[in-house]
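In: mind looking at a prediction? Sequence and model below.
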Amino acid sequence: MERLHSAEKVVGLKQAKKAVLSGKAKLVYIAEDADPWVTDPLQRLCKEQGVEVLLVSSMKELAKACRVEVPTACAALL
């Protein structure tokens, strides 16, 4: 998670999905407390595209690691 502080990344479902589809995403973080209807399609897409997924305990924790103020369901390292 410390890599999210300084690495190039995108935050949020739409941006993470775009990064996976374009082949730019190397690793996707998904918050376990996010609604499954939001995260399940992204997890399936990552599996199809061969992108590793790491689960994070909460949306607040993920937001803090990404240095954004709004809780976020997912983020992708580029």
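Out: Structure's in. What do you need? Residues are numbered from 1 along each chain as shown.
In: mind listing the helices for this protein?
Out: Assignment of helices within the chain using DSSP state H yields the ranges 3-6, 13-22, 36-49, 59-66.
In: deepest in the core, which of those is it.
Out: Comparing the helices of the chain by mean neighbour count (mean count of other C-beta atoms under 10 Å), helix 59-66 comes out on top with a mean of 19. In this view, the C-beta of every residue, glycine as well, is placed from N, C-alpha and C.
In: can I get it as PDB, trimmed to CA atoms?
Out: In PDB, the C-alpha atoms belonging to helix 59-66 read as follows (Å, rounded to 0.1, in the frame of the first residue of the first chain):
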ATOM      1  CA  MET A  59     -12.400   2.500   1.600                       C
ATOM      2  CA  LYS A  60     -11.100   5.000   4.100                       C
ATOM      3  CA  GLU A  61      -7.700   3.200   4.300                       C
ATOM      4  CA  LEU A  62      -7.400   3.100   0.600                       C
ATOM      5  CA  ALA A  63      -8.300   6.800   0.200                       C
ATOM      6  CA  LYS A  64      -5.600   7.600   2.800                       C
ATOM      7  CA  ALA A  65      -3.000   5.600   1.000                       C
ATOM      8  CA  CYS A  66      -4.000   7.400  -2.300                       C
END
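In: picking up where we left off before, mind putting the helices of the chain into JSON lines with distance to residue 73 and mean pLDDT?
Out: Written out in JSON lines, the entries for the helices of the chain read as follows (distance: least, C-beta to C-beta, whole Å; pLDDT from 0 to 100):
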{"stretch": "helix 3-6", "distance to residue 73": "14", "mean pLDDT": "82"}
{"stretch": "helix 13-22", "distance to residue 73": "6", "mean pLDDT": "97"}
{"stretch": "helix 36-49", "distance to residue 73": "5", "mean pLDDT": "96"}
{"stretch": "helix 59-66", "distance to residue 73": "6", "mean pLDDT": "95"}
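In: good, wrapping up.
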